[in-house]
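Asks: From the sequence below, what's the structure:
(chains A and B)
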Amino acid sequence: EAGVAQSPRYKIIEKRQSVAFWCNPISGHATLYWYQQILGQGPKLLIQFQNNGVVDDSQLPKDRFSAERLKGVDSTLKIQPAKLEDSAVYLCASSSGLLGVATNEKLFFGSGTQLSVL
Amino acid sequence: QKEVEQNSGPLSVPEGAIASLNCTYSDRVSQSFFWYRQYSGKSPELIMSIYSNGDKEDGRFTAQLNKASQYVSLLIRDSQPSDSATYLCAVTAFSGNTPLVFGKGTRLSVIA
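Replies: Presented below is the predicted three-dimensional model:
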């Protein structure tokens, strides 16, 4: 079974530029998450989709970050304009259903996109 | 503000010893608990999940949960150098719409 696919693997941009990340979840997984992991910290949820609807985006800086999941499969996360503090690894994850609803739900992560903002 | 607290470490143990990793959480409605292992430069990988008070064993790993004390731990028996990684504790409520909240992780170093 293929895992969560993300691209690009690395991205270096200058502040105030824009950047986009792409994620393809595990086939059949209805729930997709974007996490931001700053060096030395745990992942922080940015946005959670259930199919193509947003479940939680309370921690997404909406003035500069946007995300979409058209057709309930692939997702893109965009930052415009980028700031120095956006330097982090952006992790996409998926699960077959909503975590906490069933005790067998698990979260699977992609390899992440490491963003450096100069 | 839901919080998950972990000692950042590093925790150093000799090869073959038991490594004990601890985690406390602030949200009393939390019901699902997970331990992820993250090697440097890699993404988190699920190693254990626990939902009921008590112990759950899987190979060399044992997760322990005490909801009254809001405490979850991970024991690694017969620690190996390959266990050297950051261990992330993650918690969610049993509601379906509550995101998984991660701690900052504990860095474990197993010395050969």
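
Asks: going forward, measure contacts and count neighbours with C-alpha atoms only.
Replies: OK.

Asks: Going along the chain, name the strands of the chain.
Replies: Using chain A. Applying DSSP state E to chain A gives strands spanning A:5-7, A:10-13, A:19-24, A:31-37, A:44-50, A:53-56, A:65-68, A:75-79, A:88-95, A:108-109, A:113-117.

Asks: was after chain B, sorry
Replies: Under DSSP E, chain B gives strands at B:4-5, B:11-14, B:19-25, B:30-38, B:45-50, B:54-58, B:61-66, B:71-76, B:85-93, B:101-102, B:106-111.

Asks: Is there proximity between the second one and chain A?
Replies: No: between strand B:11-14 and chain A, judged by CA under 8 Å from any CA of the partner chain, nothing touches; the nearest distance is 14.8 Å.

Asks: same question, the third one
Replies: No: if you take CA under 8 Å from any CA as the test, strand B:19-25 misses chain A, and the best it gets is 12.9 Å.

Asks: Name the residues of that strand that come out as buried.
Replies: Neighbour-count burial for strand B:19-25, with 16 or more other CA atoms under 10 Å in any protein chain shown as criterion, is recorded at B:Ala19, B:Leu21, B:Asn22, B:Cys23, B:Thr24, B:Tyr25.

Asks: I'd say the third one and B:Tyr71 touch.
Replies: Yes: with contact defined as CA atoms under 8 Å, B:Asn22 reaches B:Tyr71; the gap is 7.5 Å.

Asks: picking up where we left off before, so which of the strands of chain B is the most packed in?
Replies: Ranked by mean neighbour count, these are led by strand B:85-93 with a mean of 26 (mean count of other CA atoms under 10 Å in any protein chain shown).

Asks: tell me the phi and psi of residue 51?
Replies: No chain was given, so I picked chain A. phi 60, psi -120 (degrees, to the nearest 10).

Asks: before we move on, back to that, redo the strands of chain B as TSV? Include distance to A:Pro8 and mean pLDDT.
Replies: Output for the strands of chain B, formatted as TSV (distance: least, CA to CA, whole Å; pLDDT from 0 to 100):
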stretch	distance to A:Pro8	mean pLDDT
strand B:4-5	30	93
strand B:11-14	33	96
strand B:19-25	33	96
strand B:30-38	20	90
strand B:45-50	20	91
strand B:54-58	35	95
strand B:61-66	34	96
strand B:71-76	34	96
strand B:85-93	24	91
strand B:101-102	24	90
strand B:106-111	27	96
